[in-house]
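1. return a 3D structure for these sequence lines:
(8 chains)
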Amino acid sequence: MNVQLNGVERAVPDRSTVADLVRLASAPTTGIAVALDGEVVPRAAWGTVVPAGATVEILTAVQGG
Amino acid sequence: MNVQLNGVERAVPDRSTVADLVRLASAPTTGIAVALDGEVVPRAAWGTVVPAGATVEILTAVQGG
Amino acid sequence: MNVQLNGVERAVPDRSTVADLVRLASAPTTGIAVALDGEVVPRAAWGTVVPAGATVEILTAVQGG
Amino acid sequence: MNVQLNGVERAVPDRSTVADLVRLASAPTTGIAVALDGEVVPRAAWGTVVPAGATVEILTAVQGG
Amino acid sequence: MAEHADDSWRLGGRTFGSRLVMGTGGATSLEVLERALVASGTDLTTVAMRRVDAAGGGGVLALLGRLGIEVLPNTAGCRSAAEAVLTARLAREALGTPWVKLEVVADDRTLLPDVVELLDAAEQLVDDGFVVLAYTNDDPVTARRLEDVGCAAVMPLGSPIGTGLGISNPHHIEMIVAAAGVPVVLDAGIGTASDAVLAMELGCDAVLLATAVTRAEDPERMARGMSLAVRAGLDARRAGRIPRRLWAHASSPARELP
Amino acid sequence: MAEHADDSWRLGGRTFGSRLVMGTGGATSLEVLERALVASGTDLTTVAMRRVDAAGGGGVLALLGRLGIEVLPNTAGCRSAAEAVLTARLAREALGTPWVKLEVVADDRTLLPDVVELLDAAEQLVDDGFVVLAYTNDDPVTARRLEDVGCAAVMPLGSPIGTGLGISNPHHIEMIVAAAGVPVVLDAGIGTASDAVLAMELGCDAVLLATAVTRAEDPERMARGMSLAVRAGLDARRAGRIPRRLWAHASSPARELP
Amino acid sequence: MAEHADDSWRLGGRTFGSRLVMGTGGATSLEVLERALVASGTDLTTVAMRRVDAAGGGGVLALLGRLGIEVLPNTAGCRSAAEAVLTARLAREALGTPWVKLEVVADDRTLLPDVVELLDAAEQLVDDGFVVLAYTNDDPVTARRLEDVGCAAVMPLGSPIGTGLGISNPHHIEMIVAAAGVPVVLDAGIGTASDAVLAMELGCDAVLLATAVTRAEDPERMARGMSLAVRAGLDARRAGRIPRRLWAHASSPARELP
Amino acid sequence: MAEHADDSWRLGGRTFGSRLVMGTGGATSLEVLERALVASGTDLTTVAMRRVDAAGGGGVLALLGRLGIEVLPNTAGCRSAAEAVLTARLAREALGTPWVKLEVVADDRTLLPDVVELLDAAEQLVDDGFVVLAYTNDDPVTARRLEDVGCAAVMPLGSPIGTGLGISNPHHIEMIVAAAGVPVVLDAGIGTASDAVLAMELGCDAVLLATAVTRAEDPERMARGMSLAVRAGLDARRAGRIPRRLWAHASSPARELP
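-> Residues are numbered from 1 along each chain as shown, chains lettered A, B, ... in the order given. Coordinates of the predicted model:
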């Protein structure tokens, strides 16, 4: 299936979880947060399966402000 | 009956109209406007009977601004 | 003889007068004034003979200030 | 004889020296300087006799500036 | 100079000759006010709406009519969008004009606009067919939003009403002018003629003031001064001022005397 | 307003109608200069003294004569009292006037007055019968000294010549005005109309400027703006401005709607 | 001076020793940033939230952790309440803090706050349990509204972000301070040390800045200067400055020499 | 930051650690003065010369000696070159120092320098072997002349003594700094810490003040604030501030959230 991962269309295995996508994005596992279709996914719910066509954002803190 | 006329409780004849209250307030007949319970009463509707307990404001232009 | 006329070394006939130098400089005859060796020469004294080696300045009003 | 000592007319013994006047003014002996008729009197010259009618100023440093 | 012989401006679909919009508050008598209005040369002037029995000054309408000055009712004193909308509608009914100077202030101490209520009222009044001239603070974003909802002019303050502090933040006024597609009228805070000139030099289309004139020691003379001031400022703006330089630049040719 | 219908002022025993003294430097042509002078309404205007062969612009005298504008020669470019005194005497001989705008500057970069040489020259020229209008810095002490030696006017700068920085230190100008027994003319630094208005509001009797007009994009229009500006400033000064307040003051009567 | 030996302040229920809140944007490297943060003495510093793959600078969290500096996530770049609320929630999830510096800007050119969206976001986040520090313009009315909806601090700008123009309207900052019941932090526009001192003298509780330090030629030294500046300003505020006088007042006793 | 670890400066052939020169006038007691001097960190401090019987405060010398602070006698109150020269010579005799802060003022109301007398006195004292630190106005030409006659420092005022008006004409201070070959010390007019910071940012080498500290409500605390202020200003000057910009410049990276 396809998802929009951090602004890029990506083909990912069907039934990928949030945690799978975090791994796919090579994101560190601390200091990040995930939004699935505009809602925060708490770390405890990273087992959630991502639906096809979903928009996923994985954010971290950077220099700014 | 009683009405609140420009901030003052006044006893007026039952079934007084807006025009009656304008006369009562000694207001000029041009350059003024009337609000009955917070809504503008167009001049064409000054024959409207004022309900007991109504709040009536008669305004004109003064120096200001 | 030589004089310094408005900043330029010039050869002029011996016994030239101030008036002669004014003519030489193609200056208008009104609205000007002459300094001979740092002193004003009033118009009435323009017959004065200019000594050799003198410094003569002929000034007029220009746009400024 | 009389002298003007720090702005006040004072009777002092004839042939008083600068040092005598310093004592008279109860001035400390350090951190001060004396002007006699508008001239500084170096400490080495405090033996100088003050002429009658002289103006003597004895100054020290105070809070200021 | 021919091309700018006409210094008039357009506002709400009409043309005005004077760049000075006057208020009428603060004058000690109608006579004083009349002399000041005449001296100011204004052709657009604000009035407030108040209860007939408390008014004491109904003569202002007759005065403006006699002088041929357009009346601009305001919503002075309103604290909420609802109050302001009702006041504007009463003014339209009383005076027969859809024009309104919209004021919604937050408190009596600062008389600063409440931008949330202001935007709400502006939107309602525009929808209701009013020509809305919105008194606002000097925030460029709010000014743009007021224009977006359809206001016919944005009227940023120089400083709070009646303070006479002039234009506290000229850069903000410049930012408002730079972004505006409707006339910008500097409203509030003017204390003296140089403030009014500066407003025009910053690019405002006009200046609105009352206290600076009506409470001056000599209102008539100050009115004349303000009239000259907005013309001076417009000329200076359009004439293209010299750049600022840090070092001197001689205005006389170099001198060559020895 | 009747009592101040006459806005003229006296300087050196004469009366002038306009509060604007113009300089003539910087104009790109005599035609441009003429239009600017006419638009400015000035009746007193400075010229510089230069060698006839380097002059290139002798026509300025004829122009001023034709326009009926009084000529005020200056000593621009002089660096010492001796130079300035000689130049003033040459100007008197050439132009038949004992009036002089006295300038003695210290260097080309700042064109700031050298006050020691300036005071020396002023004293010599006053003794020699000149009507001395002294261009000076904004130091109140020097201004008072210039008056003490007999200058007919003190002319403090707002900022260095040609910078257009306006009035850098208004408080000093106010101190000069407060102590002066002769006219105070703000000279140098004016960049735009609001600067000229401020000068008058601070209490100056007149404003002298050249670059702000002659080097503006549209000199004629800026000249008109400056003419309006000095009148606006005089009106504002004489009208008695409102005090500055930190908190707002309503210009409409209190509102009593529920 | 004993009674004010402790210059710390309270914000959101916590105590901070330094009056300087730092931003981390604009530094050319983490090494430069580290030296600047250490020199600044700050104990509270902002970070932005960005996509992991675009971040390039994840090391900032580790750096702040190592230096023992509290992390304050911001919502920089958000244009609507919805965006800002989501960003704040992601920051809370990622960083484990309910604190947020709330920014909702209207456009890229001015980066000025959109007060309507800002108030909306502030209210939502306070309801959701956040400690909201709201970046706002210098409008006293908006500041009061932000406090009314429960913000833990109001953070008015001195001038637009990154401009270095300092505090354009000190009177508005004073009005905000006078009315505030929560800490006021001057945020944005600081260009140099005197700006930071002025902020404190006007009564602000702290100063937030980034560009002034990170883009200075020597960030470490400017950080030290800013650290000294906020302390100097706090001392001056609390020491009670002398009044301003128009005329001189001798600091030496009167002199009596003849 | 290593290269500027040493923030000391040289004046008259000696090195000073603190950029703050203190005056001693205005303190309500020696105890208050002592605490203020200690808090200020100064190592050079002025005293005035007065008649022994009128003095009342001879203890100031002992105090400065105990604190190890260098004494700098001034000629406060002198109105002529002759008075100032005599006073300087008496101070040299009394205190054993050839250093003098030279003041020659024109009147009591403004306490502004009389530049003609000042230059005369400066020349005489330099010829007589004094190290002359000359209190002057903010005229760049006079400052240069004072340097030309051999003064060891020029000390322009920010505004008149005791007014607390700060630096009225920063551009003039910058011009003085740009041309100076000797140290420039901002002397007079400082009211609060931000004024002192600004002086240093403009490029002054040090700041001299008295009233701002001694007449503050809490002199000791204001002294500490001033000590921090001159250090902050020096850091900011040397760190190279960011340029001023008219439009915003984001300090966070561009945001890419949808």
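2. for chain D, what's the nearest residue on the stretch 51-200 of chain E?
-> The minimum distance from the stretch 51-200 of chain E to chain D, using Cβ to the nearest Cβ, falls at E:L165 (36.1 Å). C-beta coordinates here come from the backbone N, C-alpha and C atoms, glycine included.
3. wait, what's in contact with that residue?
-> Applying Cβ atoms under 8 Å, 6 or more residues apart in numbering or on different chains to E:L165 gives the contacts E:158-159, E:189, E:191, F:244-245, G:171.
4. ditto for E:D139
-> E:115, E:156, E:172, G:112, G:115, G:137, G:139.
5. which strand or helix spans the closest residue to the first one other than its chain neighbours?
-> Just to be clear, that refers to E:V115. Closest residue to E:V115 apart from its sequence neighbours, by Cβ to Cβ, 6 or more residues apart in numbering or on different chains: E:T142 at 4.9 Å. Element membership of E:T142, judged by DSSP states H and E, is helix E:140-148.
6. could you count how many residues lie near residue 64?
-> Since no chain was named, I'll use chain A. 25 (other Cβ atoms under 10 Å in any protein chain shown).
7. should've been chain E
-> 25.
8. off-centre distance for the helix or strand hosting it?
-> Assigned by DSSP H and E, E:L64 falls within helix E:59-67. Offset of helix E:59-67 from its chain centre (Cα atoms, centre = their mean, to the nearest Å): 20 Å.
9. now stretch E:125-143
-> Per Cα atoms, centre = their mean, the centroid offset for stretch E:125-143 relative to its chain is 13 Å.
10. mind showing which ranges of chain A have poor pLDDT?
-> Along chain A, no part satisfies pLDDT under 70.
11. what residues does it have near chain G?
-> A:6-7, A:25-28, A:31-35, A:38-40, A:42-43, A:57-65 (Cβ under 8 Å from any Cβ of the partner chain).
12. go again using 10 Å as the cut-off
-> Neighbours of chain G within chain A, by Cβ under 10 Å from any Cβ of the partner chain: A:5-8, A:22, A:25-28, A:30-35, A:38-43, A:57-65.
13. just the stretch 151-258 of chain E next, same as before
-> So far as Cβ under 10 Å from any Cβ goes, the stretch 151-258 of chain E lies against chain G at E:159-160, E:163, E:165, E:168-172, E:175, E:178-179.
14. one more time with 8 Å, if that's ok
-> So far as Cβ under 8 Å from any Cβ goes, the stretch 151-258 of chain E lies against chain G at E:159, E:165, E:168-169, E:171-172, E:175.
15. name the nearest of the residues you listed relative to chain F.
-> Closest to chain F, out of all of those and judged by Cβ to the nearest Cβ, is E:L165, at 5.6 Å.
16. what's around residue 63, how many residues?
-> Reading this off chain A. 28.
17. correction: the question concerned chain E.
-> Neighbours of E:L63 using other Cβ under 10 Å come to 19.
18. show me where the stretch 151-258 of chain E has strands.
-> For the stretch 151-258 of chain E, the strands defined by DSSP state E, counting those that start in this stretch occupy E:153-156, E:185-187, E:206-209.
19. do chain A as well
-> A:2-5, A:8-11, A:32-36, A:39-41, A:55-63 (DSSP state E).
20. and these, which is most packed in?
-> strand A:55-63 (a mean of 25; mean count of other Cβ atoms under 10 Å in any protein chain shown).
21. which residues does E:L63 contact?
-> Here E:L63 is in contact with E:30, E:33-34, E:37 (criterion: Cβ under 8 Å, 6+ apart).
22. which residues touch the residue nearest to E:V115?
-> E:T142 touches E:115, E:118-119, E:136, G:115, counting by Cβ under 8 Å, 6+ apart.
23. restricted to helices, list those residues.
-> E:115, E:118-119, G:115 (DSSP state H).
24. possible to save those as JSON lines with neighbour count and pLDDT?
-> Below are these laid out as JSON lines (neighbours: other Cβ atoms under 10 Å in any protein chain shown; pLDDT from 0 to 100):
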{"residue": "E:V115", "neighbour count": "27", "pLDDT": "97"}
{"residue": "E:L118", "neighbour count": "28", "pLDDT": "98"}
{"residue": "E:L119", "neighbour count": "23", "pLDDT": "97"}
{"residue": "G:V115", "neighbour count": "28", "pLDDT": "97"}
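25. which one of those residues is nearest chain A?
-> G:V115 (19.2 Å).
26. residue in chain A nearest to chain H?
-> For chain A, Cβ to the nearest Cβ, closest residue to chain H: A:G64, 3.2 Å.
27. returning to what we had before: and the residue nearest to E:V115, what pLDDT?
-> Here the pLDDT value assigned to E:T142 is 97.
28. if I look at it, how far off is E:L112?
-> For E:T142, the distance to E:L112 equals 11 Å [Cβ to Cβ, to the nearest Å].
29. before we move on, what about A:L21?
-> Distance from A:L21 to E:L112, by Cβ to Cβ: 49 Å.
30. can you check A:V40 too?
-> A:V40 is 37 Å from E:L112, by Cβ to Cβ.
31. name the nearest residue to the residue of chain A closest to chain H, ignoring sequence neighbours.
-> G:A48 (2.5 Å).
32. before we move on, what SS does the one you found have?
-> Using DSSP: H, G, I helix; E, B strand; the rest coil as the criterion, the local structure at G:A48 reads strand.
33. residues in contact with it?
-> Here G:A48 is in contact with A:61-65, G:25, G:73-74, G:76-77, H:252-253, H:255 (criterion: Cβ under 8 Å, 6+ apart).
34. ok, E:Y135 - contacts?
-> E:74, E:101-103, E:113, E:118, E:155, E:157, E:187-188.
35. repeat the analysis, applying 7 Å as the threshold.
-> E:101-103, E:113, E:155, E:187 (Cβ atoms under 7 Å, 6 or more residues apart in numbering or on different chains).
36. and the two most separated of those?
-> E:K101 and E:P113 (11.9 Å; Cβ to Cβ).
37. identify the residue of chain A closest to chain G, quick one.
-> Counting by Cβ to the nearest Cβ, chain A gets nearest chain G through A:G64, at 2.5 Å.
38. does that residue really touch G:V47, like I thought?
-> Yes: counting by Cβ atoms under 7 Å, A:G64 touches G:V47, with 5.9 Å between them.
39. now the common contact residues for those two.
-> With Cβ under 7 Å, 6+ apart as the test, A:G64 and G:V47 both reach G:T24.
40. quick check on residue 51: phi, psi?
-> Going with chain A. When read as degrees, to the nearest 10, the backbone of A:P51 gives phi -70, psi 150.
41. could you do chain E instead?
-> The phi/psi pair for E:R51 (degrees, to the nearest 10) is phi -60, psi 140.
42. need the contact list for the residue in chain A positioned nearest to chain B.
-> Proximity of chain A to chain B (Cβ to the nearest Cβ) peaks at A:G38, 41.1 Å away. With contacts taken as Cβ under 7 Å, 6+ apart, A:G38 has the following neighbours: G:L86.
43. chain E versus that one, what's the distance?
-> 25 Å (Cβ to the nearest Cβ, to the nearest Å).
44. residues touching E:V115, list them.
-> Per Cβ under 7 Å, 6+ apart, neighbours of E:V115: E:136-137, E:142, G:115, G:142.
45. rerun at 8 Å
-> E:136-137, E:139, E:142, G:115-116, G:139, G:141-142.
46. against H:M175, how distant is it?
-> 43 Å.
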